[in-house]
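J.: below are the sequence and a predicted model for it; my questions follow.
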Number of protein chains: 2
Amino acid sequence: MLNGWEVRYFDPAPTADETLARTLEKARRWVPEIYDGLPAEGQLTTVATIEEAVVGVDWVQESTPERLPVKHKVIATIQQACPASAVIGSSTSGFMPSELQAQSQRPEQILVTHPYNPVYLLPIVECVPSPATSASTLDSAMATLESIGMKPVAVGAEVPAHIGDRLMEALWREALWLVKDGVATTEQIDDIMTHGFGLRWAQKGLFETYRVAGGEAGMQHFLEQFGPCLSWPWTKLMDVPDLDDELIGRIVEQSDAQAGDRSVSTLEAERDANLVALLKVLREQDTAAGAFLNRVAAKPQTRSPQ
Amino acid sequence: MLNGWEVRYFDPAPTADETLARTLEKARRWVPEIYDGLPAEGQLTTVATIEEAVVGVDWVQESTPERLPVKHKVIATIQQACPASAVIGSSTSGFMPSELQAQSQRPEQILVTHPYNPVYLLPIVECVPSPATSASTLDSAMATLESIGMKPVAVGAEVPAHIGDRLMEALWREALWLVKDGVATTEQIDDIMTHGFGLRWAQKGLFETYRVAGGEAGMQHFLEQFGPCLSWPWTKLMDVPDLDDELIGRIVEQSDAQAGDRSVSTLEAERDANLVALLKVLREQDTAAGAFLNRVAAKPQTRSPQ
């Protein structure tokens, strides 16, 4: 809607109007700060039925609760009224598209289009087709998302929880162990993220970060070093994949393609400049890391050398 | 050294001088941009033996390769020459302090003080004592680290790989599965981080993020909802902790303490303001997310409403 689209909105919840108003208020407050040159807002209409919402549309976004019978029922109603040419994207974070398609009359128009909160600020959307999703549905979904300023990623195979939620789930599970075993408190874990590796991941992902860590010796060397560690202290907690030659080779290849012609020292210089910029801006913001840095900066360095 | 300390440096590697010079160059370039009012640099002296490096010092930082026999040998040499009052901090990312102390003459002065790369920009340091580490050693280490602008976290119990590396290891293992199974490429995973949850974690940690996600219903409600998911599609990959009432209660309590008197809507407003600031600065930097946002901002919004 903020991108000029006409939107029809159906939500049977008694608090629907309030939820919509609060979300719109935040989106109108923040989206123009990030995205220059937004078009005039499209019309938003709240409607009383699913059928009214979906008749004649280009796109249906299904964001019902994470219960498969509910989703099947809603999708059936949607498909009775929407055009066969529409994209039906599901916000589901857990279900695979083939599960959503199981009882549908036109599986080819259904895929997962999973955004991340806050949706009005985080650009990423996971686009997950099943083998039954048509190529034109995926292409159309990707093009539409790009046209409204989102960053779609076409997921290579359907798995429960797609990509980002699986990664976060793994970290979350480990964090639960650490809290349960008294190794760390929730605040300590958050501090280690916001004053540590969270600052990395806002500007370089996992693999590019490790690429830099590996130095000029390269990803192959880094991964071969890492291999033995994977089967070492953590096996008591969980199963691990074999970091065999095939997997090492695949990661090296993909990491090479990702880096293009940028050397490790170039990537490292980028990383440093990015971190400085992030830390500077965090100092101006109301964040734990910013408050900490301001305290450090404001305090005279009184510790005398020995 | 950049904080006014006199530093003696010993590294037997043939490339030691070059490594030191390159690291110092980066630290001198970037540290003053983040930390205002640095004192005059302390003196840096490269020395030829461990003994020369540690005699009469307040602090010894041991950063040898991750091989326990090497560390035992080096620590023995250190303790023959350094004061009993010195802190001996180890940069080890994998070993527990009790492992380092196993053959030492004064275990009470040894603990893990584990920083994160790039050490000159990321403030976090995990301080891990064993039961044999004296309270005064931990207190002294914490105070010294704070005095030079680092953010020390006193880890509650020693476990292999401490806290941050365990969290990253869990995510890394899941990322390896995703790459191995063809679900995602390294670049897609990095994109999902840098255009998605990495932006969250640079300014709010895991638990505070989930606190916001849970909304006004609170952490208890959020965790109870989350419980069933933990034993659902991911059990095929690994063992999971029981999210029982005791653990839920502990997390709720710690999360409450962490939030203090800030309501969820306050935390949410902070989060949004922080993300805007980060995204703005990323647009000015050489990052994937910034380049993407600039492309989006520069491109006229041509998609017409249907």
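T.: It's in.
J.: let me see the contact set for the residue nearest to A:P115 when sequence neighbours are not counted.
T.: Nearest residue to A:P115, sequence neighbours excluded (Cβ to Cβ, 6 or more residues apart in numbering or on different chains): A:V125, at 4.9 Å. For glycine as for every other residue, the C-beta is placed from the backbone atoms N, C-alpha and C. By Cβ atoms under 8 Å, 6 or more residues apart in numbering or on different chains, A:V125 lies in contact with A:113-115, A:145, A:150-153.
J.: A:V125 and B:Q103, how far apart?
T.: Per Cβ to Cβ, to the nearest Å, A:V125 is found 55 Å from B:Q103.
J.: show the average pLDDT along the strand or helix carrying A:L100.
T.: Per DSSP states H and E: A:L100 is located in helix A:97-101. Average pLDDT, helix A:97-101: 98.
J.: report the distance from that helix to the chain centre.
T.: In this view, helix A:97-101 has its centroid 20 Å away from the chain centroid, taken as Cα atoms, centre = their mean, to the nearest Å.
J.: next SSE after it?
T.: The helix or strand immediately downstream of helix A:97-101 is strand A:110-115, counting by DSSP H and E.
J.: and the next element down the chain from that next one?
T.: Scanning forward in sequence from strand A:110-115 by DSSP H and E, the next helix or strand is strand A:124-128.
J.: also compute the angle for that next one relative to strand A:110-115, please.
T.: Strand A:124-128 runs at 160 degrees relative to strand A:110-115, counting by axes from the mean of the first three to the mean of the last three Cα atoms, to 10 degrees.
J.: what residues sit buried inside strand A:124-128?
T.: For strand A:124-128, a neighbour-count test (16 or more other Cβ atoms under 10 Å in any protein chain shown) marks A:124-128 as buried.
J.: can you check what angle separates the longest helix along chain A from helix B:264-284?
T.: In chain A, assigned by DSSP state H, the helix with the most residues is helix A:264-284. On the basis of the same axes, to 10 degrees, helix A:264-284 is oriented at 140 degrees to helix B:264-284.
J.: next one: helix A:264-284 to chain centre, how far?
T.: 22 Å.
J.: what's the pLDDT at the spatially closest residue to A:P97 that is not a sequence neighbour?
T.: Leaving aside its chain neighbours, A:P97 sits nearest to A:S130 (4.0 Å; criterion: Cβ to Cβ, 6+ apart). The score at A:S130 is 98. That number is its pLDDT.
J.: quick revisit: now for the longest helix of chain A, which elements pack on it?
T.: Helix A:264-284 is packed against helix A:198-201, helix A:206-214, helix A:288-298, helix B:16-34, helix B:264-284, with contacts defined by 3 or more Cβ pairs under 8 Å, 6 or more residues apart in numbering or on different chains; DSSP states H and E.
J.: looking at the ones you listed, which is nearest to A:I50?
T.: Comparing the helices and strands packed on helix A:264-284 against A:I50 with Cβ to Cβ, the closest turns out to be helix B:264-284 (29.4 Å).
J.: give me the contacts around that closest one.
T.: So helix B:264-284 is contacted by A:26, A:29-30, A:33-34, A:118, A:121-122, A:202-203, A:274, A:277-278, A:280-282, A:284-287, B:199-200, B:202-204, B:208-209, B:211-212, B:214-216, B:218, B:259, B:262, B:289-290, B:293-294, B:297 (Cβ under 8 Å, 6+ apart).
J.: buried sites along that helix?
T.: By neighbour count with 16+ other Cβ under 10 Å, helix B:264-284 contains the buried residues B:264, B:267-279, B:281-283.
J.: stretch A:198-208 now?
T.: Applying 16+ other Cβ under 10 Å to stretch A:198-208 flags A:198-208 as buried.
J.: cool, stretch A:134-153 as well?
T.: Across stretch A:134-153, burial judged by 16+ other Cβ under 10 Å covers A:137-138, A:140-142, A:144-153.
J.: and for stretch A:109-129?
T.: A:109-116, A:118, A:120-129.
J.: re earlier: contacts for the helix holding A:L100?
T.: A:68, A:71-72, A:75, A:90, A:92, A:107, A:110-112, A:128-133, A:158.
J.: ok, of the residues you listed, which come out buried?
T.: Buried, going by 16+ other Cβ under 10 Å: A:71-72, A:75, A:90, A:92, A:107, A:110-112, A:128-130, A:132-133, A:158, out of these.
J.: show me the domain layout of chain A.
T.: Taking automatic domain parsing as the reference, chain A has its domains at A:7-154, A:164-298.
J.: least confident of these, on average?
T.: domain A:164-298 (a mean of 73).
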